[in-house]
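Student: okay, sequence plus prediction incoming.
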Amino acid sequence: MNQYLDLAPEVAAALKGKRPVVALESTIIAHGMPFPQNLEMAKAVEQAVRDGGATPATIAVVAGRLCVGLSDQVLQRFAEEGPQIVKVSVRDLPFVVARKFMGATTVASTMRIAAMAGIQVFATGGIGGVHRGADKSFDISADLQEFAESNVAVVTAGAKAILDLGLTLEVLESLGVPVVGFGTDDFPAFYSRASGHPVPIRCNTAAEVAALMQAKWAMGLKGGVVVANPIPKKAEIPAGEIAPVIERAIDEAEKSGIHGKEVTPFLLKRLAEITSGRSLAANIALVLNNARLAAEIAKNLQ
Ligand code: PSU
Ligand code: MN
């Protein structure tokens, strides 16, 4: 076992007993949503995993330790301190670990740590991807590269509509990453159920997803699987409604000189402000929906 890894007793027991475990990330708590909704979301998501018959393992860097499964006190701290805590992708792990800092882990670093712990399923809101205008900015989330590295399936509501979804799918194809539409032929666009971009693979049950994961890894193919799960209908914001809001937020980000890892948190915050919280409610609903499916997939891997 990696010397920097700390498994919560409940998570260690579940893994040892070969019972289902679902990894969860901490950037969505510290940088993706405001307090106190972020804390309520984090607790509700853990509960949804439990209700689904699996053990939740929220992942974060705590005083330089790679923690898999957080206490209520630590969860509270990430929620309250929010953006004061460093957003940690894979490239940032050596620094925060060496300096014994706190770090909120993104999809990429959460996947890496989940793989170290032996967890195969992870639920998030939406993965990072290729940003619009990436031909000039080169802004392509490290999340995509991680899918080529870590053997973890990530349940996601497609990719955030703030991205260029066509290019995101192209990069995943180049990296050899299966993108599975769960009950859909169309890649979901986070706030909306469809993007107009077809998904290459469709699965209709958690058992089918689990079988695909097992086949991939049994063949010795390295890397993850994107399980694209559309937002529930009642929480959806139609693409036509959210599109102009996204345009406006991206425009503001450019004019304010926001770049690098600040882009995604800035856009999510502005969308929530402009929609008077509707995008936040949609975000919470889709994370819960993903947590339920992740638990179901984890059970089918047993
Ligand atoms: N999904 C959400 N909210 C978030 C994120 C995803 O619903 O805050 C975070 C994830 O941690 C993801 C990160 O890994 O945004 C992508 O950031 P970037 O584009 O800087 O790689
Ligand atoms: Mn980026």
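Tutor: Thanks, I have the structure now. Ligands and ions are numbered 1, 2, ... in the order given.
Student: contact residues of the stretch 151-300 of the chain facing ligand 1?
Tutor: 261, 264, 268, 283 (Cβ under 6 Å from any ligand atom). Every C-beta, even on glycine, is put in place using the N, C-alpha and C of the backbone.
Student: which residues sit in contact with the second one?
Tutor: Just to be clear, that refers to Thr264. 31-32, 128, 141, 160, 162 (Cβ atoms under 8 Å, 6 or more residues apart in numbering).
Student: work out for me the element it sits within.
Tutor: Assigned by DSSP states H and E, Thr264 belongs to helix 263-274.
Student: just the CA atoms of the next helix or strand along the chain from that helix, as PDB, please.
Tutor: Elements were assigned by DSSP H and E; along the chain past helix 263-274, the next helix or strand is helix 278-300. What follows is helix 278-300 as a C-alpha-only set of coordinates in PDB (Å, rounded to 0.1, in the frame of the first residue of the first chain):
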ATOM      1  CA  ARG A 278     -31.200  27.100 -10.800                       C
ATOM      2  CA  SER A 279     -27.900  25.800 -12.200                       C
ATOM      3  CA  LEU A 280     -26.800  24.900  -8.600                       C
ATOM      4  CA  ALA A 281     -30.100  23.000  -8.000                       C
ATOM      5  CA  ALA A 282     -29.500  21.100 -11.300                       C
ATOM      6  CA  ASN A 283     -25.900  20.400 -10.300                       C
ATOM      7  CA  ILE A 284     -27.000  18.900  -7.000                       C
ATOM      8  CA  ALA A 285     -29.700  16.800  -8.600                       C
ATOM      9  CA  LEU A 286     -27.300  15.300 -11.200                       C
ATOM     10  CA  VAL A 287     -24.600  14.500  -8.600                       C
ATOM     11  CA  LEU A 288     -27.200  12.600  -6.600                       C
ATOM     12  CA  ASN A 289     -28.400  10.800  -9.700                       C
ATOM     13  CA  ASN A 290     -24.800   9.800 -10.500                       C
ATOM     14  CA  ALA A 291     -24.100   8.600  -7.000                       C
ATOM     15  CA  ARG A 292     -27.100   6.200  -7.200                       C
ATOM     16  CA  LEU A 293     -25.900   4.700 -10.500                       C
ATOM     17  CA  ALA A 294     -22.300   4.400  -9.200                       C
ATOM     18  CA  ALA A 295     -23.500   2.400  -6.200                       C
ATOM     19  CA  GLU A 296     -25.500   0.100  -8.600                       C
ATOM     20  CA  ILE A 297     -22.500  -0.400 -10.800                       C
ATOM     21  CA  ALA A 298     -20.200  -1.100  -7.800                       C
ATOM     22  CA  LYS A 299     -22.700  -3.800  -6.600                       C
ATOM     23  CA  ASN A 300     -22.600  -5.400 -10.000                       C
END
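Student: and helix 278-300, which residues are buried?
Tutor: For helix 278-300, the neighbour count (16 or more other Cβ atoms under 10 Å) marks 278-280, 282-300 as buried.
Student: go on, stretch 19-36?
Tutor: For stretch 19-36, by 16+ other Cβ under 10 Å, it's 20-33.
Student: do the same with stretch 80-93
Tutor: 82, 85-90, 92-93.
Student: greatest separation within the residues you listed: which pair is it?
Tutor: Gly82 and Val90 (21.5 Å; Cβ to Cβ).
Student: Ala23 sits in which helix or strand?
Tutor: Using DSSP H and E, Ala23 falls in strand 21-24.
Student: show residues contacting that strand.
Tutor: Against strand 21-24 from outside (Cβ under 8 Å, 6+ apart): 11, 14-15, 42, 45-46, 49, 52, 54-59, 68, 110-111, 113-114, 117, 119, 121-124, 152, 291, 294-295, 298.
Student: partners of it, with directions?
Tutor: strand 55-62 (parallel), strand 121-123 (parallel) (DSSP bridges).
Student: just the helices in this structure please.
Tutor: Using DSSP state H, the helices of the chain run over 9-16, 27-30, 37-51, 72-81, 93-98, 107-117, 134-137, 142-146, 165-174, 206-218, 239-255, 263-274, 278-300.
Student: a markdown table for those helices, including mean pLDDT?
Tutor: Below are the helices of the chain laid out as a markdown table (pLDDT from 0 to 100):
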| stretch | mean pLDDT |
| --- | --- |
| helix 9-16 | 98 |
| helix 27-30 | 97 |
| helix 37-51 | 98 |
| helix 72-81 | 98 |
| helix 93-98 | 98 |
| helix 107-117 | 98 |
| helix 134-137 | 91 |
| helix 142-146 | 97 |
| helix 165-174 | 97 |
| helix 206-218 | 98 |
| helix 239-255 | 94 |
| helix 263-274 | 95 |
| helix 278-300 | 98 |
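Student: perfect, that will be all.
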